[in-house]
Each structure stands twice: as structure tokens, then as C-alpha cells.
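> Here you go, sequence then predicted model.
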Number of protein chains: 2
Amino acid sequence: MRTFVTVADTGQFQEASAVLGITQQAVSKRIAALEKELGVRLFVRSARGAAPTVDGRAFLPHARELLLAEERAAASVRPGRRALRVDVVGARLGPAGLLRDFHRARPETALDVVTLFDADTAVAAVRSGTVDATFRAVRTRLPGGLRAARVFDEPVQLLTGPRHQLAGARSVTPAQLAGHRIWMPGLVAGTEWAAYYTALAAEFGLTIDSVGPDFGSEALLDTLAGSASLATLVAEGIRLVWPRGHDLRRIPLTDPTPVYPHSLVWDATNAHPALAALRAHLSERPAARPSSRAWTPAWAVRGAFPAGHP
Amino acid sequence: MRTFVTVADTGQFQEASAVLGITQQAVSKRIAALEKELGVRLFVRSARGAAPTVDGRAFLPHARELLLAEERAAASVRPGRRALRVDVVGARLGPAGLLRDFHRARPETALDVVTLFDADTAVAAVRSGTVDATFRAVRTRLPGGLRAARVFDEPVQLLTGPRHQLAGARSVTPAQLAGHRIWMPGLVAGTEWAAYYTALAAEFGLTIDSVGPDFGSEALLDTLAGSASLATLVAEGIRLVWPRGHDLRRIPLTDPTPVYPHSLVWDATNAHPALAALRAHLSERPAARPSSRAWTPAWAVRGAFPAGHP
DNA sequence: CGAGCGCCACAACCATCGGTTGTACGACGT
DNA sequence: ACGTCGTACAACCGATGGTTGTGGCGCTCG
């Protein structure tokens, strides 16, 4: 590919070979091999050099893209100065949206988004330097050198099918959910997600049930749509693949509103320039502050808020 | 890359080797070589298989993207059923915008945009089947089997610096340009672009000058910004890299408005499914019809309009 | 708790690939 | 008509990347 692009740019095999530091014959062989593999002629050879055919012209941008993709791939793991690497708890949750904003604001900044197993794993990764930051709800005291800023309180909503008893409500209080069956397959014990919902259930006397195999959100939505007794909880920001004709309802929870407390955790000694940019970007947003009408587990308050918060 | 992705998907070297049709040892060697080249460990090996490290997780989406890019590249020239290939006269002109619309409306349709030398070359390419369609201003009678539909009349505007005599005008008539020097470096004799501007100059007595080397649009704009006597003509839709502080002016031409008559040309015997989709997409737009206040060269009227036009 | 099993890494070997040098051929300009 | 420029073909050879064979390590299970 690189040979192809170089030939296209220089206009002749000879000069391309000089650029690439190989012989002209090697370039000729490479191009011939590529043409044979693709089954089309890419250049018309003349006594004055090589000009791309129509196929070659169509192929050229794809070849360039391939080289760029290779460069990005290598940059994502380059020891020392790799791309900024951020862990998020879920690709469709609030923090992922914050990262999309950041990427839109600074598209030149190379950014990798990964999802680790749980908050403890993520915090350990931040500490070891394998990731630069993580959006998580921190439960435990952070190891020395790590900083946290609570950046996003994401309200939790009830999701029901049309036949559910609460389907018509404009809003519901957590206490009203007592006695209803909340079904959340895929909740893995030991993760901070599970801890959050366990605390929520304990606080308001709910029954949260995560038994059964997790067939993915589509299967969950299918089941909800047909059930009069099952409901689930989802984060407000989550974008579901909204099935047609299922008539599912998202119902806000109020008085209090359970919010999921996303914090950004990073290592104070990490000098990655894009990390500073990310923190600056996040602090430019209106700071998320705990509302008196919001609820979080007791452990969440340990997550530090940006300066100015009590 | 394919080996890496396969290992990540299967979770073990052994099964990946079966999928790829090679031995486990070859997979081991490939991954080891990749890790050595990148300088990082991508998998943690255990007695139950291989799990990606944090680096591996970050690398994975890039590796997938690379494979997709390779597939798209191959598809762009696959003999027989390649991607729809359309020639446009310029990437920043109206037809390129139409193609962007089409791509937005049908993102699943593989689409390649190329730019050939001139209309005759493009028409020959359509006839030979190396491109599926071209947006061009057709001057000559089309070879048998080819069809044309005038899809976009693009108004031409005057571009001047702030010190130019016409800089303050809200609009200008072509006749008013007589005597002013119009500078259009890069206009290649023999192309339909050149023919268009030649006809325009002849019709209204203009002086269009394309001598001198073409250093690109940036250099042109720099020169225009500082000149009181030079101006150029640009298509309305063209997106220039608008230099800061140059205070350039785009001035509409009126009474009549010269328009550049883009037609879509295709081969009636070409059965490419995406070609039909493109034509359908274009015909859904409000048909471009020649206004009595618009001007085109006499030869342009030969370009067929969609059904219904006189 | 030890034996067995499943999985990966290392070693030796070998065919193929992809580079080299040397040369031929065609087009263009003088 | 002949040098010059640029590419293609041929012969050659080392490096690459596959194979088979084997060893080690960590689960798991009797």
C-alpha cells in the first residue's frame, strides 16, 4: 500500500524506489503483485513514468486511509507517548457522551476509549499508567496520587412496557417501586454498578433481580414490552435501540431522583498533555452538583467534587 | 491484524488457529511478532486461553477498522461488482455536494469519487464502464447508449479583494466585467471548464487570463486580497479555505446569471444497482430548470433535462 | 495432592517470498 | 539513428513465515 501511494505521488517507479529506499525492480514487483491480487491494472506505464488508471484513482484514497489507520493503530499503543486512553463504564452512558463532546471539540487529539471490568480494575489501571483516566463511581478510598472529580450525575429512569402497572405514570418515586419486580440481567456482582443498584434497592426496599442469562438489551426490551409485571432501570442518557412498535415507556424517578455519580479519576503525576485538555474541557461544563432532590449511595459522597463544592 | 482480531474474538490461540486454518504455533509467532513490533504485550496468556491486556483492548478497535478499510479498498476495484464510481469535476463543487447528500441518505452504499481529466475522458470512461457515472457539462453529442440529465445549474460569482473597484457592489452584471481583468490560473485548455469560461468571455467581451503557474487556491486568494485590479470567477457552491483577515468578497453575477450546467451522464446498459439509486436520489430533488435570467453557453442546451422540460 | 489435560512457547526445519543484481525492451528527444 | 530514461523479466539468495515436534505451566478432577 505504501509503495502504491508513493508511486502515485511521485508519478514514477524509479523515484518511488528512491523514496522507499529499495530498488526500482522491487517497486515493480510490488505493484505487479498488488495488481495481480486485486485483479486490475493500477498504473499505465509509459516511458515518462506511471500514471494511475481509473481503478488506481479510485483505489488511492482507500490506500491512504489504510496507511492512516495503521498509523492510528500504532499510535494507540505506542509506549511513552500513546493516545489518551480513557475507560468508561458503558459506551452509551453519560461519560461516553462527554468524551464524544471532547473529541468533537478537539478532533486532532487521538483518543482511545476502553471498558474495563469494574471500578477497582480501572483505578488500578490508572494507577499503573495503562489508562490515563476513568469515568467511574468510586466507592473505595483512592490510592495516593490519584485525584477524582465528580463530573456527571446521571439520573436513573424506569423502563416499562405498555401493560405495566406504572406505564401511565408521568413520574414515579423510588418508594413506589417497592414490591414491583425490577429485572436487570447482566448486572455483575462485585462491580460498582451492582453495588449502586444494591444500595438503591436497600434504601427504598426494592426487589432487584439479575438472575437469568443476559441475552443483551434487545432481548430485554422484547421481554419488557410483553410483560405486565417486569420493569428495569436505565440511565437517562442511554441510547437504546428502540424497537418499533414495542411502545416502551421511560418514566423519570423523582422525590428523590436516584442519580449515578460518575467521577473522573486520574493520576496527578500523569503528564499526558491531552489529559490536561480533557480535564479543562470537563471543568468548562456547568459543574454537576448534587441536588437536594437527588439520591446517591452514601459511599458516593466520597467522590470529590470540583473546587467550590462543600 | 486479522490474527489479532481472531484471537481477541475467540479468546484463545488454539481456536483462532482453527478459524484461520493455520497451526497454533503460527498464531503464537504472529502475535509475538506483532507485540514485538508494537513494543507492548497485547494478551495475557493463561492456561485457559488468552485475554487482551489494556493495550490490547485499546488496539482492538483500530485493528478492526484496519480490516474494514482493507475490505473497502478491495471492494473499490473488485472486478464485476465494485463500489459505485462517480467522476466529479471538482471535490468542492455542487455535484460533490449532491454525492455527499446521496451518501448521507444511503450510507450503506459503497461509493467512490474520482476526478478525471476532462469531460471527454469522463464520457469515454463511462462508455467503457470504468466509471459508472460522471457529473460534467457535456459539449459534444453523446455516444450511443449514454444518457444525460442536467441535474444542477451552479451560479458563477465574482471573487475580489477589498481594494477592487467592484468590491463594494452588491451584484454585478457580466457586461460590467468587460475591461476588468479576470484571472483564473489552473484553467487547462481543452477541458470543458476552459470551454465554458471561453464562451462566457466571448459572449460578454471579458478578458479571462489563465497564464502563469497555478500555485493553488491559497496563493490565488493571497494575490486577490492584495490586488486592486485582479478578480476571479468561482462557482457559488465552492468552499474555499477562507483566509483570515483577507476580507475577500463574493459578488453574485446577475442579468443574466452565468450558471455552470452540470449533467449526470451514465450508460443506459449499466446495471449497477447503486446507479439506479443515485439517479432516483437525484430525481427526487426539485429539478434544476434553466431560468430565463440565467446564461449558459449555446452548447449546454444539448444536455438533456429530466422529462418534462421543453 | 498428584496425575492428567489443555493451552501456549520454544526449537529445528524448510518452502516461499521478497529483496538484490544484471539485462532487455520500448518510447521519447536530439 | 542513437543515447537516454523508465519499466519488465530472469536468476539468484537471504529472510520470512509457515510446518512438525516437544516442553512447561497452571487448572481441574479423581
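Yes, it's here.
> Show me which residues of whichever helix or strand residue A:219 is part of are buried.
When elements are defined using DSSP states H and E, residue A:219 is found to belong to helix A:217-226. Within helix A:217-226, the residues that qualify as buried are A:217, A:220-221, A:223-225, counting by 16 or more other Cβ atoms under 10 Å in any protein chain shown. Yep, even glycine has a C-beta here, placed from its N, CA and C like the rest.
> Could you list which residues are in contact with the spatially most central residue of chain A?
Compute the mean C-alpha point of chain A, and by Cα atoms, centre = their mean the closest residue is residue A:91, 3.6 Å away. For residue A:91, the set of contacting residues under the criterion of Cβ atoms under 8 Å, 6 or more residues apart in numbering or on different chains consists of A:113, A:115.
> Of the buried residues of helix A:217-226, which pair is most distant in space?
Greatest spatial distance among these (Cβ to Cβ): A:217 and A:225, at 12.2 Å.
> so where's the stretch 151-300 of chain A shaky on pLDDT?
A:287-291 (pLDDT under 70).
> now residue A:269: how far from DNA strand D?
Using Cβ to the nearest atom of the strand, to the nearest Å, residue A:269 is found at 32 Å from DNA strand D.
> pretty sure that residue contacts residue A:144?
No. Look at residue A:269 against residue A:144 with Cβ atoms under 8 Å: they stay out of range, at 10.2 Å.
> Wasn't residue A:8 part of a helix?
Yes. Inclusion of residue A:8 in a helix is indicated when DSSP: H, G, I helix; E, B strand; the rest coil is applied.
> Pull up the pairing partners for the longest strand seen in chain A, direction included.
In chain A, ranked by residue count with DSSP state E as the criterion, the top strand is strand A:146-160. Sheet pairing here is set by DSSP bridges, and for strand A:146-160 it gives strand A:230-235 (antiparallel), strand A:249-252 (antiparallel), strand A:257-267 (antiparallel).
> circling back to that earlier point, and the pLDDT at the residue nearest to the centre of chain A?
Among the per-residue scores, residue A:91 shows a pLDDT of 83.
> that older thread, would you mind pulling up the elements that the helix holding residue A:219 packs against?
Here helix A:217-226 touches strand A:181-183, strand A:230-235, going by 3 or more Cβ pairs under 8 Å, 6 or more residues apart in numbering or on different chains; DSSP states H and E.
> Please report how far residue A:72 lies from DNA strand C.
From residue A:72 to DNA strand C the distance is 23 Å (Cβ to the nearest atom of the strand).
> whoops, I mixed them up, residue A:23
Relative to DNA strand C, and taking Cβ to the nearest atom of the strand, residue A:23 is found at 3 Å.
> Which residue ranges make up each domain of chain A?
The record, using automatic domain parsing to delimit domains, assigns chain A the ranges A:2-77, A:84-152+A:260-302, A:154-258.
> Which residues of chain A lie near DNA strand C?
Remark: the part of chain A in contact with DNA strand C comprises A:21-23, A:25-26, A:29-30, A:33, A:46-48, using Cβ under 7 Å from any atom of the strand.
> Can I have the buried ones of those residues as a PyMOL selection?
Buried members of those can be picked out in PyMOL with the line below, counting by 16+ other Cβ under 10 Å:
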select buried, chain A and resi 30
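> dump the residue contacts of the residue of the stretch 151-300 of chain A found nearest DNA strand C.
For the stretch 151-300 of chain A, the residue closest to DNA strand C is residue A:213, as judged by Cβ to the nearest atom of the strand, at 21.8 Å. Contact partners of residue A:213, counting by Cβ under 8 Å, 6+ apart, are residue A:185.
> quick one: secondary structure of it?
Classification of residue A:213 into helix, strand or coil gives coil, according to three-state DSSP.
> Starting from residue A:23, give me the distance back to residue A:13.
According to Cβ to Cβ, to the nearest Å, residue A:13 and residue A:23 sit 10 Å apart.
> Which one, of the strands paired with strand A:146-160, ends up nearest to residue A:114?
When those are compared for distance to residue A:114 using Cβ to Cβ, the nearest one is strand A:257-267, at 14.0 Å.
> and that closest one, how far from the chain's centre?
15 Å (Cα atoms, centre = their mean, to the nearest Å).
> what do you get for stretch A:47-63?
38 Å.
> ok so, going back, format the strands paired with strand A:146-160 as JSON lines; extra columns: distance to residue A:173.
Formatted as JSON lines, those follow (distance: least, Cβ to Cβ, whole Å):
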{"stretch": "strand A:230-235", "distance to residue A:173": "14"}
{"stretch": "strand A:249-252", "distance to residue A:173": "10"}
{"stretch": "strand A:257-267", "distance to residue A:173": "9"}
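> Which stretch among those is buried most, on average?
Ranked by average neighbour count under the criterion mean count of other Cβ atoms under 10 Å in any protein chain shown, the strands paired with strand A:146-160 are headed by strand A:257-267 at a mean of 24.
> Give the buried residues for stretch A:75-86.
In stretch A:75-86, counting by 16+ other Cβ under 10 Å, buried: A:76-77, A:82-86.
> re earlier: take the strands paired with strand A:146-160 and lay them out in JSON lines including distance to DNA strand D.
Below are the strands paired with strand A:146-160 laid out as JSON lines (distance: least, Cβ to the nearest atom of the strand, whole Å):
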{"stretch": "strand A:230-235", "distance to DNA strand D": "32"}
{"stretch": "strand A:249-252", "distance to DNA strand D": "41"}
{"stretch": "strand A:257-267", "distance to DNA strand D": "28"}
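> Figure out which of those strands is closest to residue B:149.
Residue B:149 lies closest, by Cβ to Cβ, to one member of the strands paired with strand A:146-160: strand A:249-252, at 46.8 Å.
> by how many degrees do the helix or strand harbouring residue A:194 and strand A:257-267 diverge?
Applying DSSP H and E as the criterion places residue A:194 in helix A:192-204. What separates the directions of helix A:192-204 and strand A:257-267 is an angle of 150 degrees, with axes from the mean of the first three to the mean of the last three Cα atoms, to 10 degrees.
> Which residues in the following helix or strand past helix A:192-204 does the neighbour count mark as buried?
For helix A:192-204, the following helix or strand on the C-terminal side (DSSP H and E) is strand A:207-209. For strand A:207-209, burial by neighbour count (16+ other Cβ under 10 Å) applies to residue A:208.
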